[in-house]
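In: Could you look at this predicted model? Sequence included:
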Amino acid sequence: MFDIYTNVSLVSGAYGTVYRGRDNLTGRVVAIKKVRISLSDNGVSASTVREIALLKQLNTYDHPHVVKLFDVCQFLEHDGKLLILLVFEHVEQDLSDLIENLPKSGMSTTTIQRLSRELLTGVDFLHANRIIHRDLKPQNLLVSSQGCLKIADFGLAKTYDVDMRLTSVVVTLWYRAPEVLLAQGYNSTVDIWSAACIIFEMFSCRPLFPGTSEKNQLDRIFELTGRPTDQQWPKSISIAREHFPPRLPKRPRDFCPYLCEYADDLLYKMLLYDLHERPSALACLEHDYFQQEPL
């Protein structure tokens, strides 16, 4: 099955089966993601078709901050399952690895600003193409040896319409927006919320909302946003607003004193409880934080 790929070895198992190999035709090192699926009466599942179609669509733009897809190989196995190999450019590490291996002094403000800009540039590109990633987290952001950030893993990505209400539970717990945790309709600003959590983590070297359960995650969020008002609280969920202690809003800087006033203001806006008040990725890129020399 790897007839044109050699030196194939497992490099990661925590976020899907991913292998490192070499393309015999070009000599380049590649990352190979294996997806094994059971065929139904209707053939390949819609979610698998969607991911591959999205990857192929995005690849035509050759965007610098979205991981490149080189090849898609399909094999019908003896047990009737379909094996799909997605062959990507190989990127040396992810942002989680980078943060974990930082020196005690942490990440430089210049690097944080640059990586934040690259992240939001990639998110803006996705949203401009009507794609919500829905699973942004440090493990899905690859960082090349040249320091270039690339968004990867579109397993939960979905094309959206302007008025579409998306309600399926997505996004790793620590990076979930409150409307997702409350099972409400949401839009592309779920990616803005996740991006803000990631940017904060680059400053502080720790997660902003390391919740242990969905209820605990909401409680940690309310420590920053304040407990929603009666008018803001959704009427369609079983959990009551009174199950959470009264809290007044705080600033991101209250959780990380290293934030300059510009970073604090940007993250404050990206982490607003009301999803309709959060800025777009393009508006974030136009914020004063990206117009100043890092402080």
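Out: Cool, got the structure.
In: quick one: the nearest residue to D153 once chain neighbours are set aside from L149, how far?
Out: Spatial nearest neighbour of D153, excluding adjacent residues (CB to CB, 6 or more residues apart in numbering): N140 at 4.4 Å. All C-beta atoms are positioned from the backbone trio N, CA, C, and that covers glycine. For N140, the distance to L149 equals 11 Å [CB to CB, to the nearest Å].
In: Repeat that for L282.
Out: In terms of CB to CB, L282 sits 17 Å off from L149.
In: Tell me which residue lies nearest the centroid of this protein.
Out: By CA atoms, centre = their mean, the chain has its centre lying nearest to L136, at 0.8 Å.
In: contacting residues for it?
Out: Taking CB atoms under 8 Å, 6 or more residues apart in numbering, we find L136 in contact with V123, I151, V171, Y175, D191, S194, A195, I198.
In: lowest-pLDDT helix or strand in this protein?
Out: Across the helices and strands of the chain, mean confidence by mean pLDDT, DSSP states H and E is lowest for strand 5-12: a mean of 53.
In: re the thing from before, comparing L282 and L149, which residue is more hemmed in?
Out: With neighbours defined as other CB atoms under 10 Å, L282 and L149 compare such that L149 has more, 22 against 13.
In: rewinding a little: what count of nearby residues applies to the residue nearest to D153?
Out: With other CB under 10 Å as criterion, N140 counts 24.
In: wait, it sits on D94?
Out: Yes: counting by CB atoms under 8 Å, N140 touches D94, with 7.3 Å between them.
In: Could you name every residue contacting both of the two?
Out: Listed contacts common to N140 and D94 are A152; contacts here mean CB under 8 Å, 6+ apart.
In: Where does the prediction get shaky in the protein?
Out: 1-17, 40-48, 50-51, 154-171, 295 (pLDDT under 70).
In: ok, which stretches of it are helices?
Out: Taking DSSP state H, the helices of the chain run over residues 46-59, 95-100, 109-128, 178-181, 189-204, 214-225, 261-270, 281-285.
In: So which elements touch the longest one?
Out: Packing partners of helix 109-128 (3 or more CB pairs under 8 Å, 6 or more residues apart in numbering; DSSP states H and E): strand 149-151, helix 189-204, helix 281-285.
In: Turn those into a markdown table, including distance to I221.
Out: Formatted as a markdown table, these follow (distance: least, CB to CB, whole Å):
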| stretch | distance to I221 |
| --- | --- |
| strand 149-151 | 23 |
| helix 189-204 | 9 |
| helix 281-285 | 19 |
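In: just those: most buried one?
Out: helix 189-204 (a mean of 24; mean count of other CB atoms under 10 Å).
In: Between helix 214-225 and it, find me the angle.
Out: Helix 189-204 and helix 214-225 are oriented at 70 degrees to each other (axes from the mean of the first three to the mean of the last three CA atoms, to 10 degrees).
In: what separates helix 189-204 from the chain centre, distance-wise?
Out: 9 Å (CA atoms, centre = their mean, to the nearest Å).
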